[in-house]
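Novice: no letters, just coordinates:
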């Protein structure tokens, strides 16, 4: 009798010394990390032009909705799923296909894959990214890239989900500071007011699965679509 066994190739990474995982995380969520995130507004540029976002109050309402009922909340669920997949490259490929399919417009798709793939290239410096051959054949959405890198870089689950959410929120606040425009202090007020919302959504995302991905932020989705034909644009999306 011939027995056939399946072999799974697992890419092991060296565990980070105590404290080094936190230092890595600071680099990975820094606005200076080269993902090109400063060039994307997630449709916010159209919302500002239409007067839907015009001050701290409306900005916080817009981002809170994205966290609780829209794309940012979905991304945190996806990031958590990618973190849980850990070293399973096949499962990660399935998750990133799912994440790409969830993009509600062309610009949303480009935003997530361009930033996700830039994130993987930059994080390769730390030796926590799979080989190019493993990455080939699919597009890598940003939350999947973050979950993959955070897990293999030794970042704890709670910190990983919260950090991915913070990076998204901070990027939108930064875009609003330039677009509305808001002062830097108003931008900090927005970040402070959004902290409890982000903490709540991140905690909830860790209890959810990909079956819970969905949304009701039609205004934001439409803003991303209208932005494609906006005549004067500072941002790519």
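Specialist: Thanks, I have it. In this text, all values refer to a predicted model and were calculated from it rather than measured experimentally.
Novice: what stretches of the chain score poorly on pLDDT?
Specialist: 1-18 (pLDDT under 70).
Novice: could you redo the last one with a cut-off of 50?
Specialist: The chain contains residues with pLDDT under 50 at 1-12.
Novice: dump the residue contacts of residue 50.
Specialist: residue 223 (CB atoms under 8 Å, 6 or more residues apart in numbering). All C-beta atoms are positioned from the backbone trio N, CA, C, and that covers glycine.
Novice: now do it against residue 143, distance only.
Specialist: 27 Å (CB to CB, to the nearest Å).
Novice: now swap in residue 117 and tell me
Specialist: 13 Å.
Novice: of the two, who's got more company?
Specialist: residue 143 (33 against 17; other CB atoms under 10 Å).
Novice: correct me if wrong: the more buried one contacts residue 82.
Specialist: Yes. Using CB atoms under 8 Å, residue 143 makes contact with residue 82 at a distance of 6.6 Å.
Novice: continuing past the helix or strand containing residue 120, what's the next helix or strand?
Specialist: Residue 120 belongs to helix 106-123 when elements are defined using DSSP states H and E. As assigned by DSSP H and E, the chain's next helix or strand after helix 106-123 is helix 132-135.
Novice: in that next one, what counts as buried?
Specialist: If you call a residue buried by 16 or more other CB atoms under 10 Å, then helix 132-135 has these buried ones: residue 135.
Novice: how much space between the residue positioned nearest the centre of the chain and residue 57?
Specialist: Per CA atoms, centre = their mean, the C-alpha nearest to the average position across the chain is that of residue 143, at 4.1 Å. From residue 143 across to residue 57, the span is 28 Å (CB to CB).
Novice: what of residue 120?
Specialist: In terms of CB to CB, residue 120 sits 37 Å off from residue 57.
Novice: which one of the two has more residues nearby?
Specialist: Higher neighbour count among residue 120 and residue 57: residue 120, with 22 against 12, using other CB under 10 Å.
Novice: quick one, what contacts that one?
Specialist: 129, 135, 140, 145, 148-149.
Novice: residue 97 too?
Specialist: Contacts of residue 97 by CB under 8 Å, 6+ apart are residue 138.
Novice: can I assume residue 128 is in contact with residue 149?
Specialist: Yes. Assessed by CB under 8 Å, residue 128 is found in contact with residue 149 at 5.5 Å.
Novice: what about the helices in the protein?
Specialist: 20-28, 44-49, 56-69, 71-85, 89-101, 106-123, 132-135, 142-152, 157-179, 184-205, 218-226 (DSSP state H).
Novice: tell me which of these lies nearest to residue 35.
Specialist: Residue 35 lies closest, by CB to CB, to one member of those: helix 106-123, at 4.4 Å.
Novice: quick one, the closest one and helix 71-85 angle?
Specialist: 40 degrees (axes from the mean of the first three to the mean of the last three CA atoms, to 10 degrees).
Novice: contacts for stretch 220-237 next, please.
Specialist: Stretch 220-237 is contacted by residues 39-47, 49-50, 52, 62, 65-66, 70-71, 104-108, 110-111, 175, 178-179, 215 when judged by CB under 8 Å, 6+ apart.
Novice: if I look at residue 168, how far off is residue 76?
Specialist: Applying CB to CB, the value for residue 168 to residue 76 is 8 Å.
Novice: same check, this time on residue 160
Specialist: 10 Å.
Novice: thanks again, I'm all set now.
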